[in-house]
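In: When you get a sec, could you give me coordinates for this:
(2 chains)
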Protein chains: 2
Amino acid sequence: MSLVVVGSVAYDGLTTPAGKVERALGGACTYISLAASYFTRVNIVGIVGEDFAHEDYAFLDSRGIGLEGLERVPGKTFYWAGVYSDDMNDRETLATDLNVFANFDPKLPEIYRKQPYLMLGNIQPSLQRSVRNQMTSPRLVGGDTMNYWIQSYRDELLVTLHGWDFLLINDSEARQLSGERNLKRAAAKIRALGPRLLVIKRGEYGAILFTDYGYAWIPGILLDTLKDPTGAGDCFAGGFIGYLASQNADGHNEDVLRRAVVYGCVMGSFCCEEFGVDRFRTLTRDEVETRFADLCHVTAI
Amino acid sequence: MSLVVVGSVAYDGLTTPAGKVERALGGACTYISLAASYFTRVNIVGIVGEDFAHEDYAFLDSRGIGLEGLERVPGKTFYWAGVYSDDMNDRETLATDLNVFANFDPKLPEIYRKQPYLMLGNIQPSLQRSVRNQMTSPRLVGGDTMNYWIQSYRDELLVTLHGWDFLLINDSEARQLSGERNLKRAAAKIRALGPRLLVIKRGEYGAILFTDYGYAWIPGILLDTLKDPTGAGDCFAGGFIGYLASQNADGHNEDVLRRAVVYGCVMGSFCCEEFGVDRFRTLTRDEVETRFADLCHVTAI
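Out: Model prediction:
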């Protein structure tokens, strides 16, 4: 079943201990869509400037991603640049040039509105809500947020979250949003805000799924090569919701949800193996399935 | 089958965000033995001073722990004091008074020498080797070490490790010992030093077992209450080797090894629920089995 993905489409300047790339295709919407495209039909909603390259359109199109909702306007595409610490667990932002993204006011093409799955990338909470309200009656709605919105747009965010089925955030965001250091209590408080399903992403340590039935913790994957962690959390989201969409899931089957978390970890791990979105230029569905089986084996008791 | 445990027996001054205890029974040998005592007969080798309290002998004895190798000499018992950070992931040492432990020269009682399982707590590598050499032909030998020995007693440590079947260390120690940041490569280098089985303990993130067949990662347990993490790694070791001893394991059965890691995580998690060793004053084997089943469920895909 089809999935609508909303979020930033960007160019990134990436510096990690493994090297440097001046201008790589990036943005949450891009990463989520590419990861999800291994599982389901994806339609994106985003905005780019006149500098958005023909080959980048072509790459997204080659993955079967619907671009009708990717608006092109005068000006430049969102640009972000950052440099990672030696262990790649921290990063410093060097530049955030919003450019055309500053005026992003997502409007869903008519054919998007009746689609069943909606993933709201990390953007202003009221824009996330606006997109949600343009959808007729999605089967499963959820998204991501970040520390900036939690701190400075808290009230808006709380209204927005109320309408979500799932929320994907990292552990520091979960603690900030809930005001609770203990993750179990933090999860309970967040789920009481609306999202019945909560996934706390823990980077190299995997991800924890909280549902009515308790929690499942899928550990990370030990990579041979880690070049660039940019976008790994978004690729997790893409794998998670992409798999759920492929199963026509309503989010109530615990086994399907756990497998979705495993696929999330798998897609996040592939993302880190090359700079930017480059791993998705060669990745095959067979490789995805092999790593899924490997990760199941890693946790088997 | 019986297990011999060697290491420090101490009193600890503990300050955590959950409170403060001036003088709690502690030491690696104590924690390992208590955790292992839920699975198998344990005999300890250690040293205490004249201040070692009657009720502490009685407590260890009540858990069926053999104390014939616990030497009592004039002077004071090893004393350590520390204070934990707000998130309990770091700690500062306030006092390390070795006292009688400074002259620890472990001698195994005759009846210990033919026992099949040996766990060497974190002490000077040459003392660990001396103990190993006093054993006739143990089925499974291994232990723990720490950054201090890795840095300042490296050559001795390498000779010592050569005779071990298993090594249990945390991730920063694994990186320091191997000179490799990547955990998979670090593990391969360490296993080439001798220990066929390597467990990298990751605190709240669980533990990773490396064997000839690859790796297994058992995630942590999300606790409702975390009072004091002191001894959690040693309790992991006690659960791990205690379970292996209970199964008469030779360390080649992958399923048994994975279950041993789960029991390690389980015992480490209980340890954190109360100050010092207090959780083991009330913990039952039924509670251990319940949490084992819970953790298996957390990772089930």
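In: Please count neighbours and contacts with C-alpha atoms only from this point.
Out: OK.
In: Report all helices and strands that the longest helix along chain A contacts.
Out: Secondary structure of chain A per DSSP state H: the longest helix is helix A:254-271. Judged by 3 or more Cα pairs under 8 Å, 6 or more residues apart in numbering or on different chains; DSSP states H and E, the packing partners of helix A:254-271 are strand A:207-211, strand A:214-218, helix A:232-246, helix A:285-299.
In: orientation of it relative to helix A:232-246 in degrees?
Out: 140 degrees (axes from the mean of the first three to the mean of the last three Cα atoms, to 10 degrees).
In: for helix A:254-271, which positions count as buried?
Out: The neighbour-count check on helix A:254-271 (16 or more other Cα atoms under 10 Å in any protein chain shown) flags A:254, A:256-271 as buried.
In: what sits up against it?
Out: Outside helix A:254-271, the residues that touch it by Cα atoms under 8 Å, 6 or more residues apart in numbering or on different chains are A:35, A:206-207, A:209, A:216, A:218, A:220-221, A:223, A:228-241, A:243-244, A:247, A:249, A:251, A:277-280, A:288, A:291-292, A:295-296, B:301.
In: re earlier: mind checking which of the helices and strands packed on helix A:254-271 is nearest A:Gly75?
Out: helix A:232-246 (25.6 Å; Cα to Cα).
In: average pLDDT across that closest one?
Out: Across helix A:232-246, the average pLDDT comes to 98.
In: and it, does that touch chain B?
Out: No: Helix A:232-246 stays out of contact with chain B when judged by Cα under 8 Å from any Cα of the partner chain, the minimum separation being 14.1 Å.
In: now what about that helix, what contacts it?
Out: Contacts for helix A:232-246 (Cα under 8 Å, 6+ apart): A:1-3, A:28-29, A:31-40, A:117, A:119, A:121, A:168, A:201, A:203, A:250-251, A:256-257, A:260-269, A:271-272.
In: okay, the angle between the longest helix of chain A and helix A:285-299?
Out: Using the same axes, to 10 degrees: helix A:254-271 against helix A:285-299 is 110 degrees.
In: what's near enough to touch A:Val42?
Out: A:Ser2, A:Leu3, A:Val4, A:Val5, A:Ser33, A:Ala36, A:Gly64, A:Ile65, A:Gly66.
In: What I need now is those residues written out in JSON lines, including neighbour count, pLDDT and secondary structure for each item.
Out: Shown next, in JSON lines, are these (neighbours: other Cα atoms under 10 Å in any protein chain shown; pLDDT from 0 to 100; DSSP: H, G, I helix; E, B strand; the rest coil):
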{"residue": "A:Ser2", "neighbour count": "20", "pLDDT": "95", "secondary structure": "coil"}
{"residue": "A:Leu3", "neighbour count": "30", "pLDDT": "98", "secondary structure": "strand"}
{"residue": "A:Val4", "neighbour count": "28", "pLDDT": "98", "secondary structure": "strand"}
{"residue": "A:Val5", "neighbour count": "28", "pLDDT": "98", "secondary structure": "strand"}
{"residue": "A:Ser33", "neighbour count": "32", "pLDDT": "98", "secondary structure": "helix"}
{"residue": "A:Ala36", "neighbour count": "32", "pLDDT": "98", "secondary structure": "helix"}
{"residue": "A:Gly64", "neighbour count": "17", "pLDDT": "97", "secondary structure": "coil"}
{"residue": "A:Ile65", "neighbour count": "23", "pLDDT": "98", "secondary structure": "coil"}
{"residue": "A:Gly66", "neighbour count": "19", "pLDDT": "97", "secondary structure": "strand"}
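In: What is the nearest of those to chain B?
Out: A:Ala36 (20.2 Å; Cα to the nearest Cα).
In: mind listing what that closest one touches?
Out: For A:Ala36, the contacting residues are A:Val42, A:Cys235, A:Gly238, A:Gly239, A:Phe240, A:Ile241, A:Gly242, A:Tyr243, by Cα under 8 Å, 6+ apart.
In: mind redoing it with 7 Å?
Out: A:Val42, A:Gly238, A:Gly239, A:Ile241, A:Gly242 (Cα atoms under 7 Å, 6 or more residues apart in numbering or on different chains).
In: Tell me how far the closest residue to chain B within the stretch 1-150 of chain A lies from B:Arg185.
Out: Closest contact between the stretch 1-150 of chain A and chain B, by Cα to the nearest Cα, is at A:Asp87 (8.1 Å). Using Cα to Cα, to the nearest Å, A:Asp87 is found at 15 Å from B:Arg185.
In: now do A:Pro109
Out: From A:Pro109 to B:Arg185 the distance is 49 Å (Cα to Cα).
In: ditto for A:Pro195
Out: For A:Pro195, the distance to B:Arg185 - Cα to Cα - is 39 Å.
In: So the residue nearest to A:Cys29 when sequence neighbours are not counted versus A:Glu22, what's the distance?
Out: Leaving out its chain neighbours, the residue that sits closest to A:Cys29 by Cα to Cα, 6 or more residues apart in numbering or on different chains is A:Gly7, at 4.4 Å. In this view, A:Gly7 and A:Glu22 are 22 Å apart by Cα to Cα.
In: And A:Gly238, by the same measure?
Out: 25 Å.
In: Of the two, which one has the most company?
Out: Neighbour count, other Cα atoms under 10 Å in any protein chain shown: between A:Gly238 and A:Glu22, A:Gly238 has more, with 35 against 10.
In: what's the distance between the residue nearest to A:Gly194 when sequence neighbours are not counted and B:Arg23?
Out: Spatial nearest neighbour of A:Gly194, excluding adjacent residues (Cα to Cα, 6+ apart): A:His162 at 4.3 Å. For A:His162, the distance to B:Arg23 equals 49 Å [Cα to Cα].
In: can you check A:Thr145 too?
Out: With Cα to Cα as the criterion, A:Thr145 and B:Arg23 are 45 Å apart.
In: and what of A:Glu71?
Out: Distance from A:Glu71 to B:Arg23, by Cα to Cα: 67 Å.
In: With A:Ser172 instead?
Out: Applying Cα to Cα to A:Ser172 and B:Arg23 gives a distance of 34 Å.
In: likewise A:Arg281?
Out: 60 Å.
In: again, but for A:Phe210
Out: As judged by Cα to Cα, A:Phe210 and B:Arg23 stand 39 Å apart.
In: Among those two, which residue is more densely surrounded?
Out: Comparing A:Phe210 with B:Arg23 by other Cα under 10 Å, the one with more neighbours is A:Phe210, at 21 against 15.
In: so who does that one touch?
Out: A:Ala187, A:Leu197, A:Leu198, A:Val199, A:Ala216.
In: Quick check: pLDDT value at it.
Out: For A:Phe210, pLDDT reads 98.
In: ok, what's across the strand from it?
Out: Note on A:Phe210: beta-bridge partners A:Leu198, A:Tyr215, judged by DSSP bridges.
In: List the contacts of the closest residue to chain B within the stretch 101-250 of chain A.
Out: Across the stretch 101-250 of chain A, no residue is closer to chain B than A:Ala216, which sits at 4.4 Å (Cα to the nearest Cα). A:Ala216 makes contacts with A:Ile208, A:Leu209, A:Phe210, B:Val298, B:Thr299, as judged by Cα under 7 Å, 6+ apart.
In: what do you get for A:Val6?
Out: By Cα under 7 Å, 6+ apart, the neighbours of A:Val6 are A:Cys29, A:Ile44, A:Val45, A:Gly46, A:Met119, A:Leu120, A:Gly121.
In: What about those, which are in strands?
Out: When DSSP state E is applied, the contacts of A:Val6 are split such that A:Ile44, A:Val45, A:Gly46, A:Met119, A:Leu120 fall in strands.
In: Report the two of those residues separated the most.
Out: Spanning the widest gap among those are A:Gly46 and A:Met119, at 12.5 Å by Cα to Cα.
In: of those two, who's got more company?
Out: Under the criterion of other Cα under 10 Å, the comparison of A:Gly46 against A:Met119 puts A:Met119 first, with 29 against 26.
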